[in-house]
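> Give the three-dimensional model of this entry:
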Amino acid sequence: LGRKGGTVRWSTATRMMVAWVLTLPAAALVGALAESVTDLGDWGTAVVAVFLVAASAAIWKLSRREVVDSGNVNDTDAVEPAGVVTTAIAAVTPPPAGTVTEDLTATIPAPAPAPAAPATDPAATV
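Numbers count the residues shown, from 1 in each chain. All right, here's what the predicted structure looks like:
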């Protein structure tokens, strides 16, 4: 939206919101489960460690399916359909273009002179 004519992709915003709503409770559930397994002793700690290493490797492997680099970071192959807000913004007509015929010059007024200090009698200040 920083550029003129920018649009909001509401489907992307919705996906981001759903990701946050699902991620935080899921992280709490996994943390609670890992804590309960580690309470079972040394073998429970080993099970949690093996699970974490395997999960990290699986996430890394999945992330390599489609590598994002400088050549494809801004690909717009997946065009999303216009939503209600995008359609409404597109329906608004801009003001008519034309030239201003009036002279729009501004003048800055000169500062007002400072008031003169009252005259004092030198003999009265002694």
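
> Every contact and neighbour count from this point should use C-alpha atoms.
Noted.

> Following the biggest helix by length in the chain in sequence, what is the next regular element?
Under DSSP state H, the helix in the chain containing the largest number of residues is helix 10-38. Tracing the chain C-terminally past helix 10-38 and defining elements by DSSP states H and E, one meets helix 42-63 next.

> Please point out which parts of that next one sit buried.
Neighbour-count burial for helix 42-63, counted by 16 or more other C-alpha atoms under 10 Å, picks out Gly44, Thr45, Val48.

> Same check on stretch 15-32?
By 16+ other C-alpha under 10 Å, stretch 15-32 has no buried positions at all.

> got the CA coordinates for it in PDB?
Taking Å, rounded to 0.1, in the frame of the first residue of the first chain, the C-alpha atoms of stretch 15-32 are listed here in PDB:
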ATOM      1  CA  ARG A  15      -3.700 -16.800   6.100                       C
ATOM      2  CA  MET A  16      -1.300 -14.900   8.400                       C
ATOM      3  CA  MET A  17      -3.900 -14.500  11.100                       C
ATOM      4  CA  VAL A  18      -4.800 -18.200  10.900                       C
ATOM      5  CA  ALA A  19      -1.200 -19.100  11.200                       C
ATOM      6  CA  TRP A  20      -0.800 -17.100  14.400                       C
ATOM      7  CA  VAL A  21      -4.000 -18.400  15.900                       C
ATOM      8  CA  LEU A  22      -2.900 -22.000  15.200                       C
ATOM      9  CA  THR A  23       0.800 -21.600  16.000                       C
ATOM     10  CA  LEU A  24       0.700 -20.200  19.500                       C
ATOM     11  CA  PRO A  25      -1.700 -22.900  21.000                       C
ATOM     12  CA  ALA A  26       0.200 -25.600  19.100                       C
ATOM     13  CA  ALA A  27       3.500 -24.400  20.500                       C
ATOM     14  CA  ALA A  28       2.000 -24.500  24.000                       C
ATOM     15  CA  LEU A  29       0.700 -28.000  23.500                       C
ATOM     16  CA  VAL A  30       4.000 -29.300  22.200                       C
ATOM     17  CA  GLY A  31       5.900 -27.700  25.000                       C
ATOM     18  CA  ALA A  32       3.600 -29.200  27.600                       C
END
